[in-house]
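Colleague: What would the 3D arrangement of this be:
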Amino acid sequence: MIISPCISICKTDPQTGYCYGCGRSNQEKKIWQTVGTSDVWKEGNIIEIQNRLAGWQLKSFKDSYKHKIENGISLFKKKLIDE
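Modeller: Have a look, this model is predicted:
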């Protein structure tokens, strides 16, 4: 099972149409939720969205997504719980 790249920072850039947190378009978010979406598509989409991100945004995504995979929760949500 491929873990969703959502890192709980769900705001869409009005110019690009991509989420500031995960770099996905609204259409891609819908495809992730579709039962029949293959792991191959999901793996390709994760690569594609990382190619969209750069600098601090890419580093933040990678760190939070890795934490989510390893611990079941994004860094953003962890911080909210810890406060």
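
Colleague: Where is the longest helix in this protein?
Modeller: The longest helix of the chain (DSSP state H) is helix 55-71.

Colleague: elements contacting that one?
Modeller: Contact here means 3 or more C-beta pairs under 8 Å, 6 or more residues apart in numbering; DSSP states H and E; on that basis helix 55-71 packs against helix 39-52, helix 75-82. Every C-beta, even on glycine, is put in place using the N, C-alpha and C of the backbone.

Colleague: closest one to Y65 among the ones you listed?
Modeller: helix 39-52 (8.1 Å; C-beta to C-beta).

Colleague: Which positions in that closest one come out as buried?
Modeller: 42, 45-46, 49-50, 52 (16 or more other C-beta atoms under 10 Å).

Colleague: Got the phi and psi for the closest residue in space to C22 that isn't next to it in sequence?
Modeller: Counting by C-beta to C-beta, 6 or more residues apart in numbering, the nearest residue to C22 once its immediate chain neighbours are dropped is P5, at 4.5 Å. Dihedral pair for P5: phi -80, psi 0, per degrees, to the nearest 10.

Colleague: measure P5 to F61 for me?
Modeller: Applying C-beta to C-beta, to the nearest Å, the value for P5 to F61 is 8 Å.

Colleague: Leaving out the residues flanking it, which one is nearest to H67?
Modeller: That would be L75: by C-beta to C-beta, 6+ apart, it lies 5.0 Å from H67.

Colleague: What's the separation between the one you found and I47?
Modeller: 21 Å.

Colleague: One more: P5?
Modeller: 11 Å.
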